[in-house]
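Enquirer: Kindly return the folded structure for what I paste below:
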Amino acid sequence: MKRLVIALAALLAAGSALAFDPAPARMRIGVLRPAETYRWERATYCQRVVVESLRDELRNRGFDAYDVEATFEDIEGDADRDADFYVEIIGGDGESIDYGGIGVGGRYADISFGMILSRVAAELRIYDGRTLETLARQELDRKSRAVMPTAIGLGGRSFFAVIATPFLERAQLRNVARAAARDAAGHVANAVREQ
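Expert: Numbering: from 1, shown residues only. You can find the predicted model right below:
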């Protein structure tokens, strides 16, 4: 009987030891979604890229970041908030401007190059998860300049076609939005660690 009691005590102690998680709990950060207007509108696209990239950057830095399918106004009345912190991107306006260009042509093809300036500006707000008090605000502003093809023309004497290359401009704008999100993730990490 004594052996049985000792075996049971050892089994319970081993089960309790396995239930203990020595790793500290990761901070939960809810990334608020802005109200979308038009899915393919440039400003909405940039804002969406910044928000999704911010969530991914926070996960890469070790936080438990997740999407909150609500705006700040929506969560104010929600008593079931479970995040330690909430972050919100206000604005996220993006623009690409073509400054001049030069065309190079031959007998059957030509190509136009332009100086493209892409810029993303937004405001980052960080809130306490329980009280929804604003802990920090930060202006985000990133830009990039690049010379890239803006149009490609092909043809001959009786037929000629020009193809614009807006996908290159959009790719540059997406890269600038991701850079703004990396900056935002750094600000969030600093603000959260100070609390």
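
Enquirer: CA only for contacts and neighbour counts going forward, please
Expert: Noted.

Enquirer: pLDDT value on the spatially most central residue of the chain, please?
Expert: With distances taken as Cα atoms, centre = their mean, the chain has residue 53 as the residue nearest its mean C-alpha position (2.1 Å). Predicted confidence (pLDDT) for residue 53: 92.

Enquirer: Just confirm residue 104 contacts residue 110, I think it does.
Expert: Yes: under the contact definition of Cα atoms under 8 Å, residue 104 touches residue 110, with a separation of 5.5 Å.

Enquirer: Would you confirm that residue 163 contacts residue 151?
Expert: Yes: with contacts counted by Cα under 8 Å, residue 163 reaches residue 151, the gap being 5.5 Å.

Enquirer: quick one: which of these two has more around it?
Expert: residue 151 (16 against 11; other Cα atoms under 10 Å).

Enquirer: distance of that one from residue 113?
Expert: 7 Å (Cα to Cα, to the nearest Å).

Enquirer: Settle it for me: which of residue 104 and residue 110 has more neighbours?
Expert: residue 110 (15 against 10).

Enquirer: Nearest residue to that one in space, please, no chain neighbours.
Expert: Once its chain neighbours are removed from consideration, residue 110 has its nearest residue in residue 153; the separation is 5.0 Å (Cα to Cα, 6 or more residues apart in numbering).

Enquirer: partners of the one you found in the sheet?
Expert: Under the criterion DSSP bridges, residue 153 forms beta bridges with residue 110, residue 162.

Enquirer: got the contact list for it?
Expert: Residues counted as contacts of residue 153 (Cα atoms under 8 Å, 6 or more residues apart in numbering) are 109-111, 160-163.

Enquirer: where's it relative to residue 140, distance?
Expert: 38 Å.

Enquirer: do the same with residue 174
Expert: 15 Å.

Enquirer: With residue 191 instead?
Expert: The spacing between residue 191 and residue 140, counted by Cα to Cα, is 15 Å.

Enquirer: residue boundaries of the strands in this structure?
Expert: With strands called from DSSP state E, the chain shows them at 28-32, 64-68, 85-105, 109-128, 134-155, 160-164.

Enquirer: Most tightly packed of these?
Expert: Per-stretch averages of neighbours, counted by mean count of other Cα atoms under 10 Å, single out strand 28-32 among the strands of the chain, with a mean of 23.
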